[in-house]
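Asks: Sequence and predicted structure below; questions after.
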Amino acid sequence: MNDAQTGRPNFGALQDNMDGSRSTDIVLYLFDLPYFDGKDLRQQPLYVRRALLEKCLQTAPDSSRIRFSQAFDADAGSLMSSACKLGLEGIVGKRKDAPYVSRRSTDWIKLKCQQRQEFLIGGYTEPQGTREQLGALLLGVYDASGGLHYAEKWAQVSIPRPCVTLLPN
């Protein structure tokens with residue numbers, strides 16, 4: 001969903017509308033077509049899948065809520081600069097000649113405007129001292145080849161009261 005004031009994507013608003021109460025506000029941007037008419041297109045290069053997707057959308061009944069996500073044939077630096085100036089999260093880059101894969105790949109990259117590290121929660125420690133619910137979160141990161149590695153123990157955790165019931169006794 002886009003923010004009504006800024007026109008920028010707003011994933012929080014999308015999550016808030018997942019109950020369907022305001023689903024008419026949702027616009028879907030399509031960028032790939034791994035399957036079509038019962039056929040598996042995943043081994044076809046991206047440019048072939050996108051051309052078929054664009055053709056399908058051009059011949060489909062008119063809908064202002066389903067749109068084709070345009071590709072930009074420009075260098076990554078210029079695209080990133082523009083995306084960041086617009087206040088976007090970043091860009092997704094895909095190789096035109098790459099097949100579809102449903103895992104991390106060098107053929108499909110995410111470039112973010114704000115450089116930050118994403119961690120996965122792999123577990124937690126028992127509470128100690130004045131802590132009541134849990135001690136710390138055990139965090140991990142993926143390396144360049146997709147392997148998951150322990151990163152650190154993060155103790156600056158505050159759990160909302162309703163979530164406490166999710167922890168084992």
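Replies: That came through fine.
Asks: The residue positioned nearest the centre of the chain - nearest residue in space that isn't next to it in sequence?
Replies: Relative to the mean C-alpha position of the chain, the nearest C-alpha, by CA atoms, centre = their mean, is the one of residue 110, at 8.7 Å. Closest residue to residue 110 apart from its sequence neighbours, by CB to CB, 6 or more residues apart in numbering: residue 92 at 5.6 Å. All C-beta spots, glycine's among them, are computed from the backbone N, C-alpha and C.
Asks: what's the answer for residue 113, then?
Replies: residue 84 (3.9 Å).
Asks: I'd guessed the one you found sits against residue 112; true?
Replies: No - shown here, residue 84 and residue 112 do not form a contact pair, counting by CB atoms under 8 Å, at 9.2 Å.
Asks: Mind jotting down where the strands sit in the chain?
Replies: Along the chain, the stretches classed as strands by DSSP state E are 28-30, 35-36, 39-40, 66-68, 90-94, 108-112, 120-124, 137-142, 148-154.
Asks: closest one to residue 79 among the ones you listed?
Replies: Of all those, strand 90-94 sits nearest to residue 79, with 5.4 Å by CB to CB.
Asks: which helices and strands does the closest one pack with?
Replies: Other elements packing on strand 90-94 under the criterion 3 or more CB pairs under 8 Å, 6 or more residues apart in numbering; DSSP states H and E are helix 76-85, strand 108-112.
Asks: So for stretch 150-168, mean pLDDT?
Replies: For stretch 150-168, the mean per-residue pLDDT is 65.
Asks: how much space between the residue nearest to residue 113 and residue 108?
Replies: Going from residue 84 to residue 108 by CB to CB, to the nearest Å gives 20 Å.
Asks: on that earlier part again, doesn't residue 90 make contact with the residue nearest to the centre of the chain?
Replies: Yes - if you go by CB under 8 Å, residue 110 and residue 90 touch, sitting 6.3 Å apart.
Asks: hey, what's in contact with both of residue 84 and residue 112?
Replies: Common contacts of residue 84 and residue 112, defined by CB atoms under 8 Å, 6 or more residues apart in numbering, comprise residue 90.
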